[in-house]
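[1] Give me coordinates for this.
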Amino acid sequence: MSLSFSLSEEDKQYLSRLARQSIQSAFDKTPAAAPAPFDAAVNGSLRRNLGSFVTLSINHRLRGCIGTIMGSEPLYANVWRMARAAAFEDRRFPPLAPEEWAKADVAISVLDELTPCSAPDAVEVGRHGLVLQYGGRGGVFLPQVPVEQGWDRLTYLDQLCLKAGLPPGTWRKQEARLFWYEALVFPA
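    Numbering: from 1, shown residues only. Here you go, the predicted structure:
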């Protein structure tokens, strides 16, 4: 398994600026649409329909995280939308306040395509993000989450079940659908 896309440093810098502009523009009450890519010759990955998550933290504590597992719009537009959503629409938190924005850290995760995980023993903590679906419930973790939490592989899989509102070990059930993916994660 390896990433099917690449982003240059220029691409990452562009996405980083875009995420920050998206949030700042909400405070400035300017239009919510993503600007067009900076260059017609831009890396094709910015125009691919890739999923992305934008994560906000303050003093290393989660302050908002919203994303899409599968892209339905160009990556640059998805990052713009997810940044604004992470700041103002994450139901776990009140909307970001201007004084919080001044001290917030931003990270972007660009997700590769989901594929069925037929070998849970091959899941690598820190490399693979996971999605679990079972009985109409679902849960997702970005690859960096188990590292941040200090989980081993089995704890990671069981915590995914709990996030989906399911008992630990549900990932072992024959009807459970487990998917994995890799992501490129960078600070914005």
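[2] use CA for all of it now, contacts and neighbours both
    Fine.
[3] For the spatially most central residue of the chain, give the beta-bridge partners.
    When the chain is reduced to its mean C-alpha position, the nearest residue by C-alpha atoms, centre = their mean turns out to be Phe53, at 2.4 Å. Beta bridges link Phe53 to Gly67, Ser109, judged by DSSP bridges.
[4] tell me which residues in the longest helix anywhere in the chain are buried?
    Of all the segments assigned as helix in the chain under DSSP state H, the longest by residue count is helix 9-27. If you call a residue buried by 16 or more other C-alpha atoms under 10 Å, then helix 9-27 has these buried ones: 11-12, 14-16, 18-24.
[5] residue contacts, the closest residue to Arg153 other than its chain neighbours?
    Counting by C-alpha to C-alpha, 6 or more residues apart in numbering, Val125 is the residue found nearest to Arg153 once chain neighbours are left out, at 6.0 Å. Contacts for Val125 (C-alpha atoms under 8 Å, 6 or more residues apart in numbering) come out as 143-144, 146-147, 151-153, 156.
[6] In the record's domain split, what are the boundaries for this structure?
    9-111, 115-183 (automatic domain parsing).
[7] Just the buried residues of the contacts of Val125.
    By 16+ other C-alpha under 10 Å, those give 143-144, 146, 151, 153, 156 as buried.
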